[in-house]
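make a model of this:
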Amino acid sequence: MKNALKTLFAVLTLAILSSYTYLGGGHGYHVGDVATDFELENIDGKTVSLSDFNSAKGFIVIFTCNTCPYAVAYEDRIEALNKKYADLGYPVIAIMPNNTEVKPGDSMKAMQARAKAKGFTFPYLMDEGQKIYPQYGATKTPHVYVLEKTNKGNVVKYIGAIDDNYQDASAVTKTYVEDAVDALLSGKEIKETQTRAIGCSIKV
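Alright, predicted model coming up:
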């Protein structure tokens, strides 16, 4: 009986931990944390930091790449987010987190070519040395962190997916990132502050 209870406890503990990690918890930032700034190379060769955006009210930080089918499926929607919110104070900052030795298709040259082909209007940064994505706790491409600029710094307000349908933009019923940014812009509480990020695992 004791062994059975121990086994049951172990299974339940593992399930809880797995669920927590599944949502992106346990490591990296949580909602309410202050995100540290970074200096990463953009596709234009310049270094970009969050502090460069003096007039920003916050940021839509998205870990994404060229090679993941999920990330590719979201490219147009990521561009649409930037076009909708950059002028309102919430620009998209895209970061490519993969190890390029494992994924040569995510090299800086490939990033530049992809950005040109798609007409990206947002910074597309290389996480050289893979130092930034672990700070955030990103596990997928894409994985989104909505930050709000405050007196304390850039506070994490939302973590997770862009919306609820990666396969078909026309079938989306929940626009998580848009809802979060709209709430921040209107001074309201964000209803869903964390969702499950769906995508490819970040390659180390």
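
and the residue nearest in space to the middle of the chain, helix, strand or coil?
Taking Cα atoms, centre = their mean, the centroid of the chain lies closest to Val144, which sits 2.3 Å from it. The three-state label given to Val144 by DSSP: H, G, I helix; E, B strand; the rest coil is strand.

residues touching it, list them.
By Cβ atoms under 8 Å, 6 or more residues apart in numbering, the residues touching Val144 are Ile60, Val61, Ile62, Phe63, Tyr158, Ile159, Gly160, Ala161, Ile162, Tyr176, Val177, Ala197. No exception for glycine: its C-beta is placed from N, CA and C like everyone else's.

shaky segments in the chain?
Within the chain, the ranges that satisfy pLDDT under 70 run 1-26.

the helices in it, which residues?
2-22, 69-85, 108-118, 132-136, 176-186 (DSSP state H).

not counting residues beside it along the chain, what's closest to the residue nearest to the centre of the chain?
Distance criterion Cβ to Cβ, 6 or more residues apart in numbering; nearest residue to Val144, sequence neighbours excluded, is Ile62 at 5.1 Å.

gap between that neighbour and Pro97?
10 Å (Cβ to Cβ, to the nearest Å).

His30 and Ala161, how far apart?
Distance, His30 to Ala161, by Cβ to Cβ: 16 Å.

which one of the two has more residues nearby?
More crowded of His30 and Ala161, by other Cβ atoms under 10 Å: Ala161, with 24 against 14.

residues in contact with the closest residue to the more buried one other than its chain neighbours?
Leaving aside its chain neighbours, Ala161 sits nearest to Thr195 (4.9 Å; criterion: Cβ to Cβ, 6+ apart). Shown in contact with Thr195 (Cβ under 8 Å, 6+ apart): Leu23, Ile159, Gly160, Ala161, Asp164, Tyr176.

could you rerun that using 7 Å?
Gly160, Ala161, Tyr176 (Cβ atoms under 7 Å, 6 or more residues apart in numbering).

for Thr36, same thing?
Residues counted as contacts of Thr36 (Cβ under 7 Å, 6+ apart) are Gln135.

report how many residues lie close to Asp168.
Neighbours of Asp168 (other Cβ under 10 Å): 8.

er, Ala115 actually
Close neighbours of Ala115, defined as other Cβ under 10 Å, add up to 20.

next up, the contacts around it.
Ala115 sits next to Ile43, Tyr124 when contact means Cβ under 7 Å, 6+ apart.

how close does it sit to Glu79?
10 Å.

isn't Asn165 up against Lys174?
No - between Asn165 and Lys174 there is no contact under Cβ atoms under 7 Å: 8.4 Å.

so how far is Asn82 from the residue lying closest to Pro97 once chain neighbours are set aside?
Spatial nearest neighbour of Pro97, excluding adjacent residues (Cβ to Cβ, 6+ apart): Tyr133 at 3.8 Å. Going from Tyr133 to Asn82 by Cβ to Cβ gives 20 Å.

got it, and Ala115?
Ala115 is 12 Å from Asn82, by Cβ to Cβ.

cool, Thr64 as well?
12 Å.

what does Ala56 show for phi and psi?
phi -70, psi 140 (degrees, to the nearest 10).
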